[in-house]
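Student: Sharing a sequence plus its predicted fold:
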Amino acid sequence: MRKLLVANRGEIAVRILRGAREMGWGTVAVYSEADSSSLHVQVADEAVCIGAPEPAASYLNMDAILQAAKETGAGALHPGYGFLAENAQLASRCLDAGITFVGPSPSAISTMGNKVAARDIMGRAGVPIVPGTQGKDQSVAALVAEAQSIKPPLLVKAAGGGGGKGMRVVKDHAGLAAAIREAQQESGSAFGDSTVYVEKFLEEPRHIEFQILADQAGKTVHLFERECSIQRRHQKIIEETPSTAVSPQLRARMGEAAVAAAKAVGYINAGTVEFLLDRDGSFYFLEMNTRLQVEHPVTELIAGLDLVHWQLRIANGEGLSFDQKDLVQKGHSIEARIYAEDPAHGFRPSMGKILLLREPDGPGIRVDSGIYEGYEVSPYYDPILAKLIVWGENRETASRRIIQALDQYIILGIRPNIPFLRDVVAHPAFAAGETTTDFLPLHFPDWGREAKKTPPEAFLAAALGEALGRVNIGSLSATEAPNPWDTVGSWEIGSGL
(Lines give C-alpha, C1' and ligand atoms only; values in the text may rest on other atoms or scores of the structure.)
Protein backbone atom coordinates (compact mmCIF):
# COMPACT_ATOMS: atom_id res chain seq x y z
CA MET A 1 0.00 0.00 0.00
CA ARG A 2 2.89 2.37 -0.52
CA LYS A 3 1.82 3.20 -4.08
CA LEU A 4 -1.41 5.08 -4.80
CA LEU A 5 -3.34 5.34 -8.07
CA VAL A 6 -5.62 8.36 -8.34
CA ALA A 7 -8.60 7.58 -10.56
CA ASN A 8 -9.38 11.19 -11.40
CA ARG A 9 -8.08 14.31 -13.11
CA GLY A 10 -7.71 18.06 -12.66
CA GLU A 11 -7.11 19.92 -9.43
CA ILE A 12 -8.34 17.15 -7.13
CA ALA A 13 -5.99 14.60 -8.70
CA VAL A 14 -3.10 17.04 -8.25
CA ARG A 15 -4.12 17.63 -4.63
CA ILE A 16 -4.25 13.92 -3.78
CA LEU A 17 -1.08 13.01 -5.67
CA ARG A 18 0.88 15.70 -3.85
CA GLY A 19 -0.56 14.60 -0.50
CA ALA A 20 0.45 11.01 -1.12
CA ARG A 21 3.98 12.01 -2.13
CA GLU A 22 4.32 14.04 1.06
CA MET A 23 3.73 10.80 2.96
CA GLY A 24 6.40 9.00 0.95
CA TRP A 25 4.03 7.04 -1.25
CA GLY A 26 4.63 6.29 -4.91
CA THR A 27 1.98 7.85 -7.15
CA VAL A 28 0.22 6.84 -10.35
CA ALA A 29 -1.95 9.09 -12.50
CA VAL A 30 -4.40 7.91 -15.12
CA TYR A 31 -5.37 10.12 -18.02
CA SER A 32 -7.45 10.26 -21.16
CA GLU A 33 -6.02 11.07 -24.58
CA ALA A 34 -7.24 14.65 -24.10
CA ASP A 35 -5.32 14.95 -20.83
CA SER A 36 -1.89 13.77 -21.89
CA SER A 37 -0.29 17.13 -20.98
CA SER A 38 -2.41 17.83 -17.91
CA LEU A 39 -0.85 18.91 -14.63
CA HIS A 40 -1.87 15.76 -12.74
CA VAL A 41 0.04 13.68 -15.27
CA GLN A 42 3.12 15.82 -14.76
CA VAL A 43 3.16 15.64 -10.94
CA ALA A 44 2.73 11.84 -10.68
CA ASP A 45 5.62 9.39 -10.58
CA GLU A 46 3.93 7.28 -13.26
CA ALA A 47 1.04 7.87 -15.65
CA VAL A 48 -1.11 5.50 -17.68
CA CYS A 49 -3.39 6.42 -20.59
CA ILE A 50 -6.76 4.75 -20.06
CA GLY A 51 -8.70 5.69 -23.17
CA ALA A 52 -10.36 8.24 -25.41
CA PRO A 53 -11.39 11.71 -24.19
CA GLU A 54 -15.02 10.79 -23.53
CA PRO A 55 -15.49 10.01 -19.81
CA ALA A 56 -17.21 6.69 -20.55
CA ALA A 57 -14.09 5.54 -22.39
CA SER A 58 -11.61 6.72 -19.75
CA TYR A 59 -12.40 8.09 -16.30
CA LEU A 60 -15.57 5.97 -16.05
CA ASN A 61 -13.88 2.89 -17.48
CA MET A 62 -13.36 0.61 -14.46
CA ASP A 63 -11.63 -2.12 -16.46
CA ALA A 64 -8.98 0.29 -17.75
CA ILE A 65 -8.45 1.89 -14.34
CA LEU A 66 -8.05 -1.42 -12.53
CA GLN A 67 -5.74 -2.69 -15.26
CA ALA A 68 -3.59 0.42 -14.79
CA ALA A 69 -3.40 -0.33 -11.05
CA LYS A 70 -2.38 -3.91 -11.78
CA GLU A 71 0.27 -2.92 -14.34
CA THR A 72 1.88 -0.34 -12.06
CA GLY A 73 1.64 -2.35 -8.85
CA ALA A 74 -0.53 0.24 -7.11
CA GLY A 75 -1.83 -1.24 -3.86
CA ALA A 76 -4.35 1.53 -3.21
CA LEU A 77 -6.81 3.57 -5.27
CA HIS A 78 -8.22 7.01 -4.45
CA PRO A 79 -11.28 8.00 -6.51
CA GLY A 80 -11.23 11.75 -5.82
CA TYR A 81 -14.66 13.29 -6.41
CA GLY A 82 -17.01 12.99 -9.36
CA PHE A 83 -16.64 10.24 -11.98
CA LEU A 84 -16.49 6.92 -10.01
CA ALA A 85 -15.94 8.43 -6.55
CA GLU A 86 -19.27 7.22 -5.18
CA ASN A 87 -19.54 4.03 -7.20
CA ALA A 88 -20.01 0.98 -4.99
CA GLN A 89 -19.05 -1.35 -7.83
CA LEU A 90 -15.58 0.21 -8.13
CA ALA A 91 -15.03 -0.13 -4.38
CA SER A 92 -16.15 -3.76 -4.54
CA ARG A 93 -13.96 -4.56 -7.53
CA CYS A 94 -10.96 -3.02 -5.77
CA LEU A 95 -11.53 -5.33 -2.82
CA ASP A 96 -11.82 -8.33 -5.13
CA ALA A 97 -8.55 -7.36 -6.83
CA GLY A 98 -6.70 -6.92 -3.53
CA ILE A 99 -6.50 -3.14 -3.97
CA THR A 100 -7.28 -0.90 -1.00
CA PHE A 101 -10.08 1.51 -1.85
CA VAL A 102 -9.43 4.85 -0.12
CA GLY A 103 -12.96 5.46 1.05
CA PRO A 104 -15.90 3.75 2.71
CA SER A 105 -17.18 0.22 2.18
CA PRO A 106 -19.21 -0.68 -0.92
CA SER A 107 -22.30 -1.18 1.26
CA ALA A 108 -22.01 2.30 2.79
CA ILE A 109 -21.59 3.87 -0.65
CA SER A 110 -24.56 1.95 -2.02
CA THR A 111 -26.82 2.74 0.93
CA MET A 112 -26.05 6.45 1.10
CA GLY A 113 -26.09 6.81 -2.68
CA ASN A 114 -29.85 6.22 -2.70
CA LYS A 115 -31.55 9.20 -1.09
CA VAL A 116 -34.75 7.29 -0.34
CA ALA A 117 -32.89 4.51 1.47
CA ALA A 118 -30.69 7.06 3.24
CA ARG A 119 -33.72 9.00 4.48
CA ASP A 120 -35.19 5.81 5.92
CA ILE A 121 -31.97 4.89 7.74
CA MET A 122 -31.48 8.41 9.07
CA GLY A 123 -35.04 8.52 10.36
CA ARG A 124 -34.51 5.26 12.26
CA ALA A 125 -31.21 6.58 13.64
CA GLY A 126 -32.93 9.66 15.05
CA VAL A 127 -31.43 12.10 12.54
CA PRO A 128 -34.02 14.76 11.54
CA ILE A 129 -35.28 14.40 7.96
CA VAL A 130 -37.40 16.70 5.81
CA PRO A 131 -41.06 15.55 5.68
CA GLY A 132 -41.47 13.55 2.49
CA THR A 133 -42.67 10.42 0.72
CA GLN A 134 -41.17 6.94 0.93
CA GLY A 135 -41.44 6.48 -2.83
CA LYS A 136 -41.85 2.70 -2.70
CA ASP A 137 -44.54 2.85 -5.38
CA GLN A 138 -43.11 4.84 -8.29
CA SER A 139 -46.35 5.31 -10.19
CA VAL A 140 -47.20 8.99 -10.62
CA ALA A 141 -50.62 8.48 -9.02
CA ALA A 142 -49.14 6.84 -5.93
CA LEU A 143 -46.50 9.53 -5.46
CA VAL A 144 -49.09 12.29 -5.85
CA ALA A 145 -51.40 10.59 -3.34
CA GLU A 146 -48.61 10.06 -0.80
CA ALA A 147 -47.55 13.71 -1.08
CA GLN A 148 -51.00 15.09 -0.27
CA SER A 149 -50.15 15.31 3.43
CA ILE A 150 -47.12 17.54 2.77
CA LYS A 151 -47.74 21.26 2.83
CA PRO A 152 -46.50 22.99 -0.35
CA PRO A 153 -44.23 24.18 -1.81
CA LEU A 154 -42.88 20.75 -2.75
CA LEU A 155 -39.63 19.42 -4.15
CA VAL A 156 -39.40 16.40 -6.46
CA LYS A 157 -35.95 14.79 -6.21
CA ALA A 158 -34.10 11.93 -7.86
CA ALA A 159 -33.21 9.10 -5.48
CA GLY A 160 -29.76 8.75 -7.05
CA GLY A 161 -27.31 11.22 -8.52
CA GLY A 162 -27.14 14.92 -7.79
CA GLY A 163 -26.14 18.26 -9.26
CA GLY A 164 -29.77 19.37 -9.56
CA LYS A 165 -30.69 16.75 -12.16
CA GLY A 166 -34.07 15.10 -11.64
CA MET A 167 -35.15 17.96 -9.38
CA ARG A 168 -38.31 20.07 -9.70
CA VAL A 169 -39.85 22.69 -7.38
CA VAL A 170 -43.67 22.69 -7.32
CA LYS A 171 -45.72 25.54 -5.81
CA ASP A 172 -48.87 23.49 -5.26
CA HIS A 173 -50.21 19.96 -5.57
CA ALA A 174 -51.85 20.74 -8.93
CA GLY A 175 -48.51 20.79 -10.75
CA LEU A 176 -47.04 17.77 -8.98
CA ALA A 177 -47.92 15.04 -11.48
CA ALA A 178 -46.25 16.81 -14.40
CA ALA A 179 -43.17 17.59 -12.30
CA ILE A 180 -42.85 13.93 -11.26
CA ARG A 181 -42.99 12.75 -14.87
CA GLU A 182 -40.32 15.27 -15.91
CA ALA A 183 -38.07 14.39 -12.97
CA GLN A 184 -38.39 10.65 -13.60
CA GLN A 185 -37.49 11.09 -17.26
CA GLU A 186 -34.48 13.31 -16.50
CA SER A 187 -33.29 11.07 -13.67
CA GLY A 188 -33.55 7.95 -15.80
CA SER A 189 -31.56 9.58 -18.58
CA ALA A 190 -28.88 11.04 -16.30
CA PHE A 191 -28.41 8.24 -13.77
CA GLY A 192 -30.03 5.17 -15.27
CA ASP A 193 -32.51 5.20 -12.38
CA SER A 194 -35.85 6.98 -12.64
CA THR A 195 -36.71 6.65 -8.94
CA VAL A 196 -37.88 9.93 -7.39
CA TYR A 197 -39.49 11.06 -4.17
CA VAL A 198 -41.29 14.17 -2.94
CA GLU A 199 -40.44 16.25 0.10
CA LYS A 200 -41.34 19.62 1.55
CA PHE A 201 -39.45 22.46 -0.13
CA LEU A 202 -37.75 24.63 2.45
CA GLU A 203 -37.76 28.28 1.41
CA GLU A 204 -34.55 30.27 1.92
CA PRO A 205 -32.71 27.58 3.88
CA ARG A 206 -28.99 27.37 4.43
CA HIS A 207 -26.92 24.47 3.17
CA ILE A 208 -24.79 23.30 6.11
CA GLU A 209 -22.57 20.23 5.97
CA PHE A 210 -20.38 18.47 8.52
CA GLN A 211 -17.06 16.84 7.70
CA ILE A 212 -16.61 13.49 9.45
CA LEU A 213 -13.68 11.12 9.87
CA ALA A 214 -14.10 7.51 10.98
CA ASP A 215 -11.40 4.89 11.48
CA GLN A 216 -11.67 1.13 11.07
CA ALA A 217 -12.10 0.63 14.82
CA GLY A 218 -15.30 2.65 14.81
CA LYS A 219 -14.07 5.93 16.28
CA THR A 220 -15.96 8.72 14.53
CA VAL A 221 -15.54 12.47 14.89
CA HIS A 222 -16.78 15.54 13.08
CA LEU A 223 -14.53 18.40 11.99
CA PHE A 224 -17.23 21.05 12.31
CA GLU A 225 -19.44 22.62 9.67
CA ARG A 226 -19.07 24.24 6.30
CA GLU A 227 -21.69 26.55 4.85
CA CYS A 228 -22.26 25.97 1.14
CA SER A 229 -25.42 28.00 0.54
CA ILE A 230 -24.20 30.11 -2.40
CA GLN A 231 -24.89 27.91 -5.41
CA ARG A 232 -25.57 28.14 -9.11
CA ARG A 233 -27.70 25.44 -10.71
CA HIS A 234 -27.67 23.60 -7.35
CA GLN A 235 -23.86 23.47 -7.42
CA LYS A 236 -21.75 25.25 -4.84
CA ILE A 237 -19.40 28.09 -5.79
CA ILE A 238 -18.57 29.67 -2.39
CA GLU A 239 -17.98 27.74 0.84
CA GLU A 240 -16.92 28.89 4.28
CA THR A 241 -16.41 27.80 7.85
CA PRO A 242 -17.62 28.55 10.45
CA SER A 243 -21.16 29.40 9.37
CA THR A 244 -22.54 32.70 10.60
CA ALA A 245 -25.85 30.94 11.32
CA VAL A 246 -24.51 28.17 13.56
CA SER A 247 -24.21 28.84 17.27
CA PRO A 248 -22.04 26.67 19.54
CA GLN A 249 -25.17 24.92 20.81
CA LEU A 250 -26.52 24.26 17.32
CA ARG A 251 -23.06 23.13 16.17
CA ALA A 252 -22.97 20.52 18.93
CA ARG A 253 -26.43 19.20 18.02
CA MET A 254 -25.74 19.06 14.29
CA GLY A 255 -22.33 17.51 14.88
CA GLU A 256 -23.85 14.77 17.02
CA ALA A 257 -26.41 14.11 14.28
CA ALA A 258 -23.66 13.89 11.65
CA VAL A 259 -21.71 11.37 13.73
CA ALA A 260 -24.90 9.37 14.33
CA ALA A 261 -25.57 9.34 10.58
CA ALA A 262 -22.10 7.97 9.87
CA LYS A 263 -22.32 5.34 12.58
CA ALA A 264 -25.74 4.22 11.30
CA VAL A 265 -24.12 2.86 8.14
CA GLY A 266 -20.81 1.73 9.65
CA TYR A 267 -18.97 4.49 7.83
CA ILE A 268 -15.17 4.42 7.47
CA ASN A 269 -12.81 7.15 6.17
CA ALA A 270 -13.71 10.75 5.26
CA GLY A 271 -17.26 11.73 4.39
CA THR A 272 -19.69 14.60 4.59
CA VAL A 273 -23.17 14.73 6.09
CA GLU A 274 -25.25 17.50 4.54
CA PHE A 275 -28.15 19.29 6.20
CA LEU A 276 -30.64 22.02 5.35
CA LEU A 277 -30.97 24.64 8.09
CA ASP A 278 -34.41 26.28 8.17
CA ARG A 279 -35.05 29.87 9.15
CA ASP A 280 -36.48 28.76 12.50
CA GLY A 281 -33.28 26.95 13.45
CA SER A 282 -34.55 23.47 12.60
CA PHE A 283 -32.16 21.29 10.59
CA TYR A 284 -32.83 18.30 8.39
CA PHE A 285 -30.68 15.58 6.83
CA LEU A 286 -30.17 16.16 3.11
CA GLU A 287 -27.68 13.51 2.00
CA MET A 288 -24.30 12.01 2.72
CA ASN A 289 -21.39 12.35 0.32
CA THR A 290 -19.25 9.25 0.62
CA ARG A 291 -16.06 10.87 -0.66
CA LEU A 292 -13.72 13.80 -0.26
CA GLN A 293 -15.56 17.06 -0.95
CA VAL A 294 -14.45 19.82 -3.30
CA GLU A 295 -14.56 22.20 -0.35
CA HIS A 296 -12.45 20.14 2.05
CA PRO A 297 -9.61 22.74 2.18
CA VAL A 298 -11.59 25.19 4.32
CA THR A 299 -11.95 22.49 6.97
CA GLU A 300 -8.24 21.73 6.78
CA LEU A 301 -7.36 25.36 7.40
CA ILE A 302 -9.54 25.85 10.49
CA ALA A 303 -8.99 22.37 11.98
CA GLY A 304 -5.27 22.10 11.28
CA LEU A 305 -5.55 18.64 9.73
CA ASP A 306 -4.67 17.26 6.30
CA LEU A 307 -7.70 15.26 5.19
CA VAL A 308 -5.90 13.46 2.36
CA HIS A 309 -3.20 12.31 4.76
CA TRP A 310 -5.84 11.03 7.16
CA GLN A 311 -7.72 9.28 4.37
CA LEU A 312 -4.57 7.35 3.51
CA ARG A 313 -3.75 6.61 7.15
CA ILE A 314 -7.24 5.28 7.83
CA ALA A 315 -7.17 3.17 4.66
CA ASN A 316 -3.84 1.79 5.89
CA GLY A 317 -5.41 0.71 9.18
CA GLU A 318 -4.31 3.57 11.42
CA GLY A 319 -6.67 4.80 14.11
CA LEU A 320 -7.56 8.41 14.76
CA SER A 321 -5.04 9.88 17.18
CA PHE A 322 -7.48 12.43 18.60
CA ASP A 323 -10.95 12.56 20.12
CA GLN A 324 -13.80 15.01 19.52
CA LYS A 325 -12.80 17.06 22.57
CA ASP A 326 -9.33 17.59 21.10
CA LEU A 327 -10.65 19.35 17.99
CA VAL A 328 -11.04 23.13 17.90
CA GLN A 329 -11.92 25.65 15.22
CA LYS A 330 -9.29 28.29 14.63
CA GLY A 331 -10.10 31.36 12.59
CA HIS A 332 -12.26 31.56 9.48
CA SER A 333 -11.79 30.14 5.98
CA ILE A 334 -13.52 30.86 2.65
CA GLU A 335 -13.22 29.01 -0.65
CA ALA A 336 -14.17 30.20 -4.15
CA ARG A 337 -14.36 27.71 -7.01
CA ILE A 338 -12.66 28.95 -10.16
CA TYR A 339 -14.58 27.75 -13.22
CA ALA A 340 -14.03 28.13 -16.95
CA GLU A 341 -17.48 29.59 -17.47
CA ASP A 342 -19.14 32.91 -18.28
CA PRO A 343 -21.67 33.98 -15.59
CA ALA A 344 -22.86 36.86 -17.78
CA HIS A 345 -24.19 34.32 -20.30
CA GLY A 346 -25.87 31.69 -18.16
CA PHE A 347 -22.59 30.24 -16.83
CA ARG A 348 -21.78 28.98 -20.31
CA PRO A 349 -18.58 26.88 -20.37
CA SER A 350 -15.55 28.62 -21.86
CA MET A 351 -13.02 26.43 -23.65
CA GLY A 352 -9.62 27.23 -25.11
CA LYS A 353 -5.96 27.76 -24.22
CA ILE A 354 -4.89 29.63 -21.10
CA LEU A 355 -2.61 32.31 -22.51
CA LEU A 356 -1.76 34.12 -19.30
CA LEU A 357 -2.06 32.87 -15.70
CA ARG A 358 -1.31 34.87 -12.57
CA GLU A 359 -2.37 33.14 -9.33
CA PRO A 360 -2.58 35.14 -6.10
CA ASP A 361 -0.29 34.42 -3.20
CA GLY A 362 0.58 35.79 0.22
CA PRO A 363 -0.21 35.06 3.87
CA GLY A 364 -3.39 33.04 4.34
CA ILE A 365 -3.86 32.37 0.61
CA ARG A 366 -3.93 28.87 -0.91
CA VAL A 367 -4.63 27.86 -4.50
CA ASP A 368 -5.44 24.23 -5.37
CA SER A 369 -5.02 24.24 -9.13
CA GLY A 370 -5.06 21.84 -12.04
CA ILE A 371 -3.93 24.31 -14.71
CA TYR A 372 -0.90 26.19 -15.96
CA GLU A 373 -0.07 28.80 -18.58
CA GLY A 374 -0.50 27.14 -21.97
CA TYR A 375 -3.00 24.58 -20.65
CA GLU A 376 -5.88 23.72 -22.98
CA VAL A 377 -9.28 23.68 -21.26
CA SER A 378 -11.14 20.66 -22.59
CA PRO A 379 -14.83 20.52 -23.49
CA TYR A 380 -15.13 16.95 -22.23
CA TYR A 381 -15.10 17.51 -18.48
CA ASP A 382 -16.45 19.65 -15.65
CA PRO A 383 -15.17 23.23 -16.11
CA ILE A 384 -13.61 23.58 -12.63
CA LEU A 385 -10.04 24.84 -12.96
CA ALA A 386 -8.91 25.58 -9.43
CA LYS A 387 -9.98 26.56 -5.94
CA LEU A 388 -8.97 29.74 -4.15
CA ILE A 389 -8.94 29.26 -0.38
CA VAL A 390 -8.13 31.90 2.23
CA TRP A 391 -7.78 31.89 6.00
CA GLY A 392 -8.09 34.77 8.44
CA GLU A 393 -8.28 35.23 12.18
CA ASN A 394 -11.95 36.16 11.73
CA ARG A 395 -14.55 36.38 8.98
CA GLU A 396 -13.91 40.04 8.23
CA THR A 397 -10.21 39.39 7.67
CA ALA A 398 -10.90 36.31 5.54
CA SER A 399 -13.43 38.25 3.45
CA ARG A 400 -10.99 41.09 2.77
CA ARG A 401 -8.30 38.57 1.92
CA ILE A 402 -10.39 36.69 -0.65
CA ILE A 403 -11.51 39.93 -2.31
CA GLN A 404 -7.89 41.01 -2.62
CA ALA A 405 -6.85 37.57 -3.89
CA LEU A 406 -9.59 37.56 -6.54
CA ASP A 407 -8.44 41.01 -7.66
CA GLN A 408 -4.99 39.50 -8.20
CA TYR A 409 -6.21 36.33 -9.95
CA ILE A 410 -5.75 36.65 -13.71
CA ILE A 411 -6.64 34.02 -16.31
CA LEU A 412 -6.60 35.11 -19.94
CA GLY A 413 -7.51 33.06 -23.00
CA ILE A 414 -10.86 31.91 -21.65
CA ARG A 415 -13.67 33.53 -19.69
CA PRO A 416 -13.36 32.47 -16.04
CA ASN A 417 -15.93 33.29 -13.34
CA ILE A 418 -13.44 35.31 -11.29
CA PRO A 419 -15.09 38.76 -11.70
CA PHE A 420 -18.44 37.26 -10.68
CA LEU A 421 -16.98 35.58 -7.60
CA ARG A 422 -15.40 38.88 -6.60
CA ASP A 423 -18.75 40.64 -6.80
CA VAL A 424 -20.40 37.91 -4.74
CA VAL A 425 -17.97 38.02 -1.81
CA ALA A 426 -17.91 41.85 -1.93
CA HIS A 427 -21.71 42.10 -1.70
CA PRO A 428 -23.13 43.69 1.49
CA ALA A 429 -25.40 40.68 2.05
CA PHE A 430 -22.37 38.38 2.08
CA ALA A 431 -20.59 40.70 4.49
CA ALA A 432 -23.66 40.53 6.73
CA GLY A 433 -23.65 36.72 6.64
CA GLU A 434 -27.04 36.58 4.90
CA THR A 435 -26.15 33.59 2.75
CA THR A 436 -29.14 31.42 1.91
CA THR A 437 -29.58 29.10 -1.08
CA ASP A 438 -31.44 31.83 -2.98
CA PHE A 439 -28.52 34.26 -2.66
CA LEU A 440 -27.63 34.38 -6.36
CA PRO A 441 -31.15 34.69 -7.82
CA LEU A 442 -31.95 37.32 -5.18
CA HIS A 443 -28.85 39.49 -5.54
CA PHE A 444 -27.44 38.60 -8.98
CA PRO A 445 -30.34 37.81 -11.34
CA ASP A 446 -28.73 39.54 -14.34
CA TRP A 447 -25.07 39.88 -13.45
CA GLY A 448 -22.84 41.42 -16.09
CA ARG A 449 -25.50 42.18 -18.66
CA GLU A 450 -25.73 45.88 -17.98
CA ALA A 451 -22.55 46.51 -15.99
CA LYS A 452 -20.12 49.11 -17.30
CA LYS A 453 -17.07 47.38 -18.71
CA THR A 454 -13.51 48.48 -19.30
CA PRO A 455 -12.81 48.41 -23.07
CA PRO A 456 -11.23 45.04 -23.87
CA GLU A 457 -8.36 46.74 -25.68
CA ALA A 458 -7.35 48.45 -22.40
CA PHE A 459 -7.37 45.18 -20.53
CA LEU A 460 -5.41 43.49 -23.31
CA ALA A 461 -2.79 46.21 -23.19
CA ALA A 462 -2.47 45.81 -19.44
CA ALA A 463 -2.18 42.03 -19.79
CA LEU A 464 0.56 42.31 -22.39
CA GLY A 465 2.29 44.93 -20.28
CA GLU A 466 2.17 42.56 -17.32
CA ALA A 467 3.67 39.80 -19.46
CA LEU A 468 6.50 42.17 -20.36
CA GLY A 469 6.93 43.26 -16.76
CA ARG A 470 5.91 46.86 -17.44
CA VAL A 471 2.39 47.14 -16.05
CA ASN A 472 0.69 45.86 -12.91
CA ILE A 473 -2.49 44.23 -14.14
CA GLY A 474 -4.03 44.75 -10.70
CA SER A 475 -4.50 48.41 -11.67
CA LEU A 476 -7.44 47.28 -13.80
CA SER A 477 -10.24 45.90 -11.67
CA ALA A 478 -11.23 42.36 -12.59
CA THR A 479 -14.79 43.30 -11.66
CA GLU A 480 -14.88 45.92 -14.40
CA ALA A 481 -13.42 43.95 -17.25
CA PRO A 482 -14.55 40.96 -19.26
CA ASN A 483 -11.93 38.61 -20.55
CA PRO A 484 -10.88 40.29 -23.80
CA TRP A 485 -9.18 37.49 -25.66
CA ASP A 486 -12.25 36.49 -27.62
CA THR A 487 -13.55 40.04 -28.19
CA VAL A 488 -10.58 41.85 -29.75
CA GLY A 489 -12.01 41.63 -33.24
CA SER A 490 -9.50 41.29 -36.06
CA TRP A 491 -6.87 39.83 -33.74
CA GLU A 492 -9.00 36.66 -33.42
CA ILE A 493 -7.14 35.69 -30.30
CA GLY A 494 -10.11 33.76 -28.91
CA SER A 495 -9.26 30.75 -31.08
CA GLY A 496 -5.77 30.51 -29.60
CA LEU A 497 -2.36 31.72 -30.65
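Tutor: Okay, I see it.

Student: helix/strand/coil for Ala261?
Tutor: What DSSP: H, G, I helix; E, B strand; the rest coil gives for Ala261 is helix.

Student: quick one, what contacts it?
Tutor: Residues in contact with Ala261 (CB atoms under 8 Å, 6 or more residues apart in numbering) are Met122, Ala125, Val127, Val273, Phe285, Met288. C-beta: built from backbone N, CA, C; applies to glycine.

Student: from those, which single one is nearest Val328?
Tutor: Val273 (20.0 Å; CB to CB).

Student: May I have the beta-bridge partners of that closest one?
Tutor: For Val273, the beta-bridge partners under DSSP bridges are Phe210, Met288.

Student: isn't it right up against Leu213?
Tutor: No. Val273 is not in contact with Leu213 according to CB atoms under 8 Å; the separation is 11.8 Å.

Student: Dump the contacts of Ala261 to JSON lines, plus distance to Ala145.
Tutor: Converted to JSON lines, the contacts of Ala261 look like this (distance: CB to CB, whole Å):
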{"residue": "Met122", "distance to Ala145": "24"}
{"residue": "Ala125", "distance to Ala145": "28"}
{"residue": "Val127", "distance to Ala145": "27"}
{"residue": "Val273", "distance to Ala145": "31"}
{"residue": "Phe285", "distance to Ala145": "24"}
{"residue": "Met288", "distance to Ala145": "29"}
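
Student: rewinding a little: who has more neighbours out of Val273 and Leu213?
Tutor: Counted by other CB atoms under 10 Å, Val273 and Leu213 do not tie: Val273 has more neighbours, with 28 against 25.

Student: shaky segments in this structure?
Tutor: 1, 161-163, 449-497 (pLDDT under 70).

Student: ok, back up a step: any shared contact partners between Val273 and Leu213?
Tutor: Common contacts of Val273 and Leu213 (CB under 8 Å, 6+ apart): His222.

Student: Can you tell me the SS state at the closest residue to Lys387 other than its chain neighbours?
Tutor: Nearest non-adjacent residue to Lys387, counting by CB to CB, 6 or more residues apart in numbering: Asp368, 4.5 Å away. What three-state DSSP gives for Asp368 is strand.

Student: One more: Leu440?
Tutor: What three-state DSSP gives for Leu440 is helix.

Student: Count the neighbours of the residue lying closest to it once chain neighbours are set aside for me.
Tutor: What sits nearest to Leu440 in space, not counting adjacent residues and going by CB to CB, 6+ apart, is Arg232, at 5.7 Å. Residues near Arg232, counting by other CB under 10 Å, number 22.

Student: Over to Met351?
Tutor: Neighbour tally, Met351, other CB under 10 Å: 15.

Student: which residues touch it?
Tutor: Ala340, Val377, Ser378, Pro379, Ile414.

Student: Columns neighbour count, secondary structure and distance to Gly192 on top of the residues you listed, output as JSON lines?
Tutor: Below are the contacts of Met351 laid out as JSON lines (neighbours: other CB atoms under 10 Å; DSSP: H, G, I helix; E, B strand; the rest coil; distance: CB to CB, whole Å):
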{"residue": "Ala340", "neighbour count": "25", "secondary structure": "coil", "distance to Gly192": "28"}
{"residue": "Val377", "neighbour count": "19", "secondary structure": "strand", "distance to Gly192": "28"}
{"residue": "Ser378", "neighbour count": "19", "secondary structure": "coil", "distance to Gly192": "24"}
{"residue": "Pro379", "neighbour count": "13", "secondary structure": "coil", "distance to Gly192": "23"}
{"residue": "Ile414", "neighbour count": "26", "secondary structure": "coil", "distance to Gly192": "32"}
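
Student: What is the nearest of those to Lys330?
Tutor: Nearest to Lys330 among the contacts of Met351, counting by CB to CB, is Ala340 at 33.1 Å.

Student: Could I get the full set of helices for the stretch 351-497 of the chain?
Tutor: Remark: helices assigned in the stretch 351-497 of the chain by DSSP state H, counting those that start in this stretch are 395-408, 418-425, 428-431, 439-443, 456-467.

Student: Show the secondary-structure elements that the shortest one is packed against.
Tutor: Applying 3 or more CB pairs under 8 Å, 6 or more residues apart in numbering; DSSP states H and E, we find helix 428-431 packed against helix 439-443.
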